[in-house]
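In: sequence and predicted model, in that order:
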Amino acid sequence: MGRIKKKIFKGDMGIWIIILLLSIYSILAVYSASSQLAYREAGGNTSFYLIRQAVMLMIGAATILLVHNIPYKYFSRASVYLWYLAIGLLVFTLFFGINVNDARRWIMLPGGITFQTSDFAKVALIMYIARNLAIKEEEVNSWKGCFKKLYFPILLTVGLILPANLSTALLLFGTSMLLILFSNLKLKYFAGMVAASLVLGFLFFGAVKTFKHVGRFETWNNRIENFTNKTDKTENIQEKHSKIAIAKGGLFGLGPGKSNQRNILPHPYSDYIFAIIIEEYGLVFGAIPLIVLYLYLFMRVKIIVKNTNRKFGAYIVSGLAALIILQAFSNMAVATNVIPVTGQPLPLVSYGGTSIVFMGMALGIILSVSREVEEMKNAKKAQELEDDISNAEIDDVSSNETEPDEEVLKESLNLVINTNENEES
């Protein structure tokens, strides 16, 4: 049984355990948090969204299984084409996507399936930046190279996401810059990109404040103003009832399926699922274990990066893991009212479709790198064992060789003397 598991679930077993536990949290939390949605959209069938989430998690798991069996070196060249495809999809979405609240985030695929292109773009950009940092290290260590091969791709991707999804754009920009910071890029070039980002940031902020009633600018202004100038009267329903859910949950929670705030909070199955988990399972069985799981993912990734002998593997694992972990903690920060509303789902826990699939793709790539690291370690151990066996056999042969017996030597000597005497005679 153990051998079968190792053949199917290759790579870091700790990451597989994290995936399993997050999926269990997802099933339990979505089933409870989607009850109001089920009565509103599915005729009271509370199992509908449970089954749908279970199916999406299985598709996500299948994606992980498929991707983690692909040698990660192939993702290097593929990242170029995937990034170009992501740019094309973002442009298409910007002009022809489904319009919801003045935001175009989704495109409709055959069969009525909606596809959020920014989920794909996040993974594609991190892969592309990791490739350029690893393969073109000398080229990017110049003013022209770092802006052309690193900063421009980031700005282009983030700029196409920003009109419809500011939080995703900021998350992706922060993750990309964090990856570059810990690469071998010289500090002066990184500082140049940071300076350029500050200038662009001030210009963007000024535009948002100047044209505050244009499109999504009004939504962003309202969120920032509500967060920075809030009082008991201006506090919105999301912040208020998220706090209530967390306060009611306390240490041990109200129990599975006993949340009250799920009926009041908007999107309790996605944006505010962390608050619902705390309300039902408390800090001890809800919040702390989830935080530990994401931190444990960070620890496992550190081990993978330490043991990989290829820069591309180290960069791609670091970037994708940072994307997952930063997204997780941004969701938690919104639920606990630390930052303004972002709309970021909790990875592998929130109700979702394409977000789960592409999160599975990211985890599959991480496991692909860890699988090859383990295979390398096993090959090294096998070689060392083979060398030890060979050395042991040589020692055995040497120990079996005995010195000639003295009587035998005397007889041989006498035989030689007699032969010589006969020849002389």
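Out: Now that the structure is in, tell me what you want to look at. Note that this is a predicted model, so its numbers are computed, not measured. Residues are numbered from 1 along each chain as shown.
In: now Leu320. Nearest residue, chain neighbours left out?
Out: Counting by Cβ to Cβ, 6 or more residues apart in numbering, Leu320 lies nearest to Ala362, which is 4.3 Å off, once chain neighbours are set aside. (C-beta placed from N, C-alpha, C; glycine too.)
In: which residues touch that neighbour?
Out: Applying Cβ atoms under 8 Å, 6 or more residues apart in numbering, one finds that Ala362 lies in contact with Val123, Ile126, Leu320, Leu323, Ile324.
In: could you find the closest non-adjacent residue to Phe95?
Out: Distances taken as Cβ to Cβ, 6+ apart put Arg104 closest to Phe95, at 7.7 Å, once the chain neighbours are dropped.
In: from the contacts of Ala362, which is closest to Thr117?
Out: Nearest to Thr117 among the contacts of Ala362: Val123, at 11.4 Å, using Cβ to Cβ.
In: the closest one and Ala362, how far apart?
Out: Going from Val123 to Ala362 by Cβ to Cβ, to the nearest Å gives 5 Å.
In: still on that earlier bit, residues touching the residue nearest to Phe95, list them.
Out: For Arg104, the contact set (Cβ under 8 Å, 6+ apart) comprises Thr93, Leu94, Phe95, Phe96, Gly97, Ile98, Pro163, Ala164.
In: distance of the first one relative to Leu160?
Out: The one in question is Thr93. From Thr93 over to Leu160 (counting by Cβ to Cβ), the distance is 8 Å.
In: more neighbours: which of the two?
Out: Legend: neighbour count by other Cβ atoms under 10 Å for Thr93 and Leu160, higher for Thr93 (23 against 20).
In: select the longest helix from the protein.
Out: Determined from DSSP state H, the single longest helix within the chain is helix 354-400.
In: and the pLDDT for Glu403?
Out: pLDDT recorded at Glu403 is 51.
In: what's the answer for the one 3 residues further on, then?
Out: As predicted, Glu406 sits at a pLDDT of 56.
In: same check, this time on Trp220
Out: With respect to pLDDT, Trp220 has a value of 74.
In: do the same with Thr231
Out: We have a pLDDT of 57 for Thr231.
In: sorry, back to before: mind checking which of the contacts of Arg104 are in helices?
Out: By the criterion of DSSP H, membership of these in helices covers Thr93, Leu94, Phe95, Phe96.
In: the third one: how many residues sit nearby?
Out: Neighbourhood size, Phe95 [other Cβ under 10 Å]: 7.
In: ok, the last one next?
Out: Using other Cβ under 10 Å, the number of residues around Phe96 comes to 11.
In: OK, contacts around it?
Out: Shown in contact with Phe96 (Cβ under 8 Å, 6+ apart): Arg104, Ile107.
In: before we move on, back to that, and the residue nearest to Phe95, bridged to which residues?
Out: With DSSP bridges as the criterion, Arg104 is bridged to Asn99.
In: give me the low-pLDDT residue ranges for the stretch 301-425 of the chain?
Out: In the predicted model, the stretch 301-425 of the chain carries pLDDT under 70 at residues 387, 393-425.
In: okay if I get the contacts of Ala362 as a markdown table plus neighbour count, secondary structure and distance to Phe274?
Out: Below are the contacts of Ala362 laid out as a markdown table (neighbours: other Cβ atoms under 10 Å; DSSP: H, G, I helix; E, B strand; the rest coil; distance: Cβ to Cβ, whole Å):
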| residue | neighbour count | secondary structure | distance to Phe274 |
| --- | --- | --- | --- |
| Val123 | 23 | helix | 23 |
| Ile126 | 27 | helix | 24 |
| Leu320 | 26 | helix | 22 |
| Leu323 | 24 | helix | 18 |
| Ile324 | 22 | helix | 15 |
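In: of the residues you listed, just say which sits nearest to Leu89.
Out: Ranked by distance to Leu89 (Cβ to Cβ), these are led by Val123 at 12.3 Å.
In: tell me how far that closest one lies from Ile161.
Out: Counting by Cβ to Cβ, the gap from Val123 to Ile161 is 13 Å.
In: what do you get for Leu320?
Out: If you go by Cβ to Cβ, the gap between Leu320 and Ile161 works out to 17 Å.
In: report the distance from stretch 289-298 to the chain centre.
Out: The gap between where stretch 289-298 is centred and where its chain is centred comes out at 12 Å by Cα atoms, centre = their mean, to the nearest Å.
In: I should have written stretch 333-342 there, sorry.
Out: Centroid displacement of stretch 333-342 relative to its chain, using Cα atoms, centre = their mean, is 21 Å.
In: how about the strands in the protein?
Out: Assigned by DSSP state E, the strands in the chain fall at 98-100, 103-109, 113-116.
In: for the longest one, buried residues please.
Out: In this case it means strand 103-109. Using 16 or more other Cβ atoms under 10 Å as the test for burial, strand 103-109 gives Ala103, Arg104, Arg105, Trp106, Ile107.
In: rebuild these as CSV, extending it with pLDDT and distance to Arg371.
Out: Listed next are these as CSV, based on pLDDT from 0 to 100; distance: Cβ to Cβ, whole Å:
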residue, pLDDT, distance to Arg371
Ala103, 71, 38
Arg104, 80, 38
Arg105, 84, 33
Trp106, 83, 33
Ile107, 87, 33
